[in-house]
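> Could you work out the structure for the sequence below:
(2 chains)
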Amino acid sequence: MDLSTIIGIVLGSALLGGAIILGGNAIIFLDVKSIMIVLGGTLSGTMVKYKLKSLAKIPALVKIAFVEQEMNSDRIIEILVGLAEKARREGLLALEQDVMEIDDSFLQKGIQLVIDGTDPERVKTIMETQLISMEERHLAGRSIFDTMGQFAPAFGMIGTLIGLIQMLSDLDDPGNLGSGMAVALITTLYGALFANLFFIPMAGKLKIRSEEEVLLKEVVIKGILSIQDGENPRILKEKLFAFLNKKEKEKKEKDRSEVEGVAANESA
Amino acid sequence: MIKVTKMNQQEVVLNAELIECIQATPDTIITLTTDKKILVLEKVDEVVEKIIAYRRQVYASNFSERVEAG
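Numbering: from 1, shown residues only, chains lettered A, B, ... in the order given. Predicted structure coming up:
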């Protein structure tokens, strides 16, 4: 269970809902028409943009954002070192039995390639290609949420226009002006809310998950090539941990320069 | 040129001049001077014997030809 996703959504809803309730009349904020315009519009726009097959993945993607990654780097390195030790003692073909029991399908495929006697360069190419296509699948998945994050405020605006048009076409009754205006703004509120509390953050979390998975798979590739090389398992362990450290440092550098870039833009 | 069997049961003829080193890990890995690595089913000693046999064959025939030429 990824607590931060759940806590974030619950906390956000609670705080905003609470602020609204504390402000007085909360019922006016619930408007079915506005939900129809914003959510309905967002979904419709997304359906026009994406194929049905891609949209069917949405529930699975939501689940990914809520569930913590099962395989972590320490476990993967442990498994790889274990396999390396066995291969050093009994030869690569001894791994034939272990292949079936490996949890991770990527690792399993890689070891199977090695046992089948595939050339080391071939193994590397095949696995890197698989990694790249996985990355692209992830990108396609989270672009759906990015799109919804763009459409929601836009349809909120459309709702506002609809509300204003309805309001202005009936100026005879000034009593309705105020409430009409309020309704017009509710759609913008819904649009911005859905975009910023759900769609855009979901896209962000999926990106983080994707980066985690890519890193793990890079570790697996390094490990498998090293096993095929007959490298000393202890050296393999050091190598993999050093690789992880290096990647983490690079990521921190990138994050820091991104933040600095944004700050520089804002001050300029 | 020595005939070896790769790990995928495929037979291949390897240029013995390019061999840099042969390791038992315990599977036999032949590292070439081109930095390519080839995994073979033969044991290290077998590969060494094949290389020696190949060289003997090449130089032996050279030698006997030269003797005949005079």
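
> Residue A:130 contacts residue A:109, correct?
Yes. Between residue A:130 and residue A:109 there is a contact at 7.5 Å, judged by CB atoms under 8 Å. Just so you know, the C-beta spots here come from the backbone N, C-alpha and C atoms, and that holds for glycine as well.

> where does chain B come near chain A, residue by residue?
When proximity is defined by CB under 8 Å from any CB of the partner chain, chain B lies next to chain A at B:6-10, B:23, B:25-27, B:29, B:36-39.

> isn't there a strand covering residue B:22?
Yes. The assignment for residue B:22 is a strand, going by DSSP: H, G, I helix; E, B strand; the rest coil.

> can you tell me the distance between the two ends of stretch A:165-183?
The first residue of stretch A:165-183 is 12 Å away from its last residue (CA to CA, to the nearest Å).

> Not counting its own residues, what contacts it?
Applying CB atoms under 8 Å, 6 or more residues apart in numbering or on different chains, the contact partners of stretch A:165-183 are A:28, A:31, A:33, A:34, A:163, A:164, A:184.

> let's go with 7 Å and repeat that
A:28, A:31, A:163, A:184 (CB atoms under 7 Å, 6 or more residues apart in numbering or on different chains).

> just the helices in the chain please.
All of this refers to chain A. Taking DSSP state H as the test, the helices found in chain A are A:3-22, A:32-35, A:41-49, A:52-55, A:58-66, A:73-90, A:95-101, A:105-115, A:120-168, A:175-193, A:200-229, A:233-267.

> My question was about chain B, not that one.
Residue ranges of the helices in chain B, as given by DSSP H, are B:44-69.

> where does it have low pLDDT?
Residues of chain B meeting the criterion pLDDT under 70: B:62-70.

> switch to 80 and redo it
Within chain B, the segments meeting pLDDT under 80 span B:61-70.

> picking up where we left off before, can you list the helices of chain A in JSON lines and add mean pLDDT?
Formatted as JSON lines, the helices of chain A follow (pLDDT from 0 to 100):
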{"stretch": "helix A:3-22", "mean pLDDT": "91"}
{"stretch": "helix A:32-35", "mean pLDDT": "88"}
{"stretch": "helix A:41-49", "mean pLDDT": "94"}
{"stretch": "helix A:52-55", "mean pLDDT": "90"}
{"stretch": "helix A:58-66", "mean pLDDT": "90"}
{"stretch": "helix A:73-90", "mean pLDDT": "93"}
{"stretch": "helix A:95-101", "mean pLDDT": "90"}
{"stretch": "helix A:105-115", "mean pLDDT": "94"}
{"stretch": "helix A:120-168", "mean pLDDT": "93"}
{"stretch": "helix A:175-193", "mean pLDDT": "83"}
{"stretch": "helix A:200-229", "mean pLDDT": "94"}
{"stretch": "helix A:233-267", "mean pLDDT": "88"}
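
> Just want the most central residue of chain A.
What sits nearest the mean C-alpha location of chain A, by CA atoms, centre = their mean, is residue A:206, with 0.4 Å.

> pretty sure that residue contacts residue A:142?
Yes. Residue A:206 sits in contact with residue A:142 when judged by CB atoms under 7 Å, with a separation of 3.9 Å.

> who's in contact with the residue nearest to the centre of chain A?
A:61, A:64, A:65, A:138, A:141, A:142, A:145.

> Can you get me a residue count around the first one?
Residue A:61 has 18 neighbouring residues, counting by other CB atoms under 10 Å in any protein chain shown.

> Name the nearest residue to it, ignoring sequence neighbours.
Spatially, and ignoring its direct neighbours in sequence, residue A:61 is nearest to residue A:141 (5.1 Å; CB to CB, 6 or more residues apart in numbering or on different chains).

> What separation do you get for that neighbour and chain B?
Residue A:141 sits 36 Å away from chain B, going by CB to the nearest CB, to the nearest Å.

> Quick one: residues contacting that residue.
Contacts of residue A:141 (CB under 7 Å, 6+ apart): A:57, A:61, A:206.

> Nearest to chain B: which residue in the stretch 1-150 of chain A?
Going by CB to the nearest CB, chain B is nearest to residue A:117 of the stretch 1-150 of chain A, at 2.7 Å.

> I'd say that residue and residue B:12 touch.
No. Residue A:117 is beyond contact range of residue B:12, at 11.0 Å (criterion: CB under 7 Å).

> Fine by me, we can end here.
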